[in-house]
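Got a predicted model here, sequence first, then my questions.
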Amino acid sequence: QVQLVESGGGLVQAGESLRLSCTASGLTFKNYVMGWFRQTPGKEREFVSAISVNGDSTFYGDSLKGRFTVSRDNAKDTVYLQTNSLKPEDTAVYYCAARYTDAFGSFVMRGNSYNYWGQGTRVTVSS
C-alpha cells in the first residue's frame, strides 16, 4: 500500500520560512518523480515544484523559483520543499505527489500525470 505523508506545515508570519517534508512508503522511491502542488478553497490546484528521480532536474511554478527550493533524499524516501519569504498568498494546503517514470519534462506540472497523492499539510501565512 503506497502512502505519501506530508509534514511541516503550520502558521507563520509573512517573511518567515517553513520546510515541508513528504515521506513515501510502499513504493521504490528512487523510481518516482516527485511533485508538490497546492490548493486553496475555490481555486484550481496549482503546480508548485517537481524534482527528477535523481534530483538533478527541477521545475518551479511561476514566481516561486527563488523563494521555494525542492530537494530529495532517496536514502530516506523523502522529498522536501523549503519555502522562504512566505507571503499571505502562499496560504494553501500543500500536497506531494509521485509519478512512476525516469523521464522529466513539462508533464510533471500537470496534476493528472501523477500516480499517488498525499493527504496534504496546511500552510497559513499571516500578514
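Sure, I can see it.

any idea of the pLDDT on the residue nearest to Phe68 when sequence neighbours are not counted?
Setting aside the residues directly before and after it, Phe68 is nearest to Thr83 in space (CB to CB, 6 or more residues apart in numbering), at 5.3 Å. Quick note: C-beta positions are derived from backbone N, CA and C, even for glycine. On the pLDDT scale, Thr83 is placed at 98.

How about Gly120?
98.

ok, how many other residues are close to it?
Gly120 sits with 18 neighbouring residues when counted by other CB atoms under 10 Å.

On the pLDDT front, check Gly10 for me.
At Gly10, the predicted lDDT confidence score is 98.

The one 5 residues further on too?
At Gly15 the predicted local confidence, pLDDT, stands at 97.

wait, isn't it in contact with Thr83?
No: in this structure, Gly15 sits apart from Thr83 without contact. The criterion is CB atoms under 8 Å, and the distance is 11.4 Å.

Of all the residues in the helix or strand that contains Arg99, which ones are buried?
According to DSSP states H and E, Arg99 maps onto strand 92-100. By 16 or more other CB atoms under 10 Å, the buried positions in strand 92-100 come out as 92-99.
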